[in-house]
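K.L.:
got a predicted structure here, sequence first:
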Amino acid sequence: MLDVFSDRALVAAMLAFEAALAEGEAAEGIVPASAAAAIAAATRGEVDVDALVAAARSAGSLAIPLVKTLTATVAARDPAAAAYVHWGSTSQDVIDTAMVVVTGRALDLIGRDLDRLVAALDRLARTHAATPILARTLLQPAQVVSFGFKVVAWVAPLVRARERIARARAAALKVQLGGAVGTLGALGAKGDAVARRVAERLGIGAADPWHVQRDDWVALGCEVAILCGSLAKIGGDVALLAQGEVGEVAEPAGEGRGGSSAMPQKRNPVAALAAIAAGVGAPQHAATLLASMRQAHERGLGDWQAELAAWPALFFSAHGALAALADAISGLEVDAGRMRANIARQHGTVFAEAAAALIAPTLGKQKAAAIVGALAARSAAGEGDLDALVRTDAAFAAVDAAAIAAAFDVDAAARRAGDVAIARLHRLATSTSGDSR
């Protein structure tokens, strides 16, 4: 991702735009074919990227020194052709379009590792569809579900994010060609035709000029930020499950992975760390994009530049988290025995709702809850497991022993959650089987 948004990559994309512009204009008879050929040839030569970046600091735009340098290069070969460099275009055209081109590559990287992560999570969910684990609400033990059920809650938002990003990509990755104020005035009646030719040559969509209309572009950025939030959720859960006192999962071990400079025994969840960090940073990047939408009149002053600075940072965060989690989830160590032991430590209290349901039809829901709540408090105080207390309580005298056993069946609860998980995975697969990624 660093390579995708590097200065060199951006300059190369800008030069590709200049070549496509000249060739498109030649095809429409606006510039001589010989001039277009000379310009295209010049864009393929070596460029001093560092010098361009240095010059951009005072010029206020990377496009200005780039066009100046390209013009000089063309003039050295064909003085007549130099007059047609950047014909009818403006600085924002070349920079926005270059950002569109490199963002397409960035989304390819995100798509690759998002697919890896979704596939790894799908396998994990199916493998542990019926593995019992505590569900936790407000960070406290709640009921028994399955680990597969928990994993489905990780993967489902990613599948939806993949669909939304694909739609946002189609809307946002379009050529920017409007000229000085967006009218394409220098190209006359052939402006739209040239724009279509440029888009086709660069492999992106055609569009009306969108210099100060940033809605589709920012919407794409916001979808990437939302993806970061979903990744942070996974990272946060993995980190909590990996705590020593819980010990239900662990990231893959390896030389130099998750170590500490001071404590040799440490095995830190570094992929979770990366995902959480992405979730922390993404809202600020998205906020910058949203705030930058107020671009004044026909060309933004400062807003556009702030957007340009925030854009790559958002993609760095997203891809770093994706790559880390895709690797970690593929080798995640799951301790089913520890999961079951942590359930047993609750002494049956996580089945209180199921127990209350056994007597609620005759006593009413509130009274049943009060009776079982009192029994659960006794269990928590060390008087015995809740199921044993239930069996000896007068309120349950008329309840069949098999029904009580079923209410406290760890594996049955996990299987029910597993059935829900598999059904949801099936619906996810069905809903995306016709996507156009």
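P.N.:
On my side now, so go ahead.

K.L.:
and the spatially closest residue to Ala20 that is not a sequence neighbour, what pLDDT?
P.N.:
Counting by CB to CB, 6 or more residues apart in numbering, Arg201 is the residue found nearest to Ala20 once chain neighbours are left out, at 3.9 Å. In this view, the C-beta of every residue, glycine as well, is placed from N, C-alpha and C. Here, the pLDDT recorded for Arg201 equals 98.

K.L.:
got the domain ranges for the protein?
P.N.:
Using automatic domain parsing, the domain ranges for the chain come out as 1-87+194-201, 90-174+210-340, 346-432.

K.L.:
how far away is His285 from Ala193?
P.N.:
Using CB to CB, to the nearest Å, we find His285 at a distance of 37 Å from Ala193.

K.L.:
and Gln140, what are its phi and psi?
P.N.:
Main-chain torsions, Gln140, degrees, to the nearest 10: phi -120, psi 150.

K.L.:
if it is in a bridge, with which residues?
P.N.:
Taking DSSP bridges as the rule, Gln140 bridges to Thr137.

K.L.:
let me see the contact set for the residue nearest to Ala20.
P.N.:
Counting by CB atoms under 8 Å, 6 or more residues apart in numbering, Arg201 touches 19-20, 23-24.

K.L.:
which helix or strand contains the closest residue to Ala172 other than its chain neighbours?
P.N.:
Once flanking residues are discounted, Ala172 sits nearest to Leu220: 4.1 Å by CB to CB, 6+ apart. When elements are assigned from DSSP states H and E, Leu220 belongs to helix 215-242.

K.L.:
quick one: which of the domains of the chain is nearest Gly185?
P.N.:
Closest approach to Gly185 among the domains of the chain (CB to CB): domain 90-174+210-340, 10.8 Å.

K.L.:
mind jotting down where the strands sit in this protein?
P.N.:
Applying DSSP state E to the chain gives strands spanning 132-137, 140-146, 249-250, 333-334.

K.L.:
so where's this structure shaky on pLDDT?
P.N.:
Counting by pLDDT under 70, the chain contains low-confidence ranges at 254-266, 433-437.

K.L.:
switch to 90 and redo it
P.N.:
Residues of the chain that meet the criterion pLDDT under 90 lie in 58-60, 253-268, 430-437.

K.L.:
most centrally placed residue in this protein?
P.N.:
Nearest to the centroid of the C-alpha atoms of the chain, with distances taken as CA atoms, centre = their mean, sits Leu227, at 2.8 Å.

K.L.:
residues contacting it?
P.N.:
Counting by CB under 8 Å, 6+ apart, Leu227 has contacts 110, 114, 158, 161, 165, 318, 322.

K.L.:
for Pro312, same thing?
P.N.:
Here Pro312 is in contact with 1, 5 (CB under 8 Å, 6+ apart).

K.L.:
do that again at 7 Å, thanks
P.N.:
Neighbouring residues of Pro312 by CB atoms under 7 Å, 6 or more residues apart in numbering: Phe5.

K.L.:
before we move on, what about Ala26?
P.N.:
32-33, 36.
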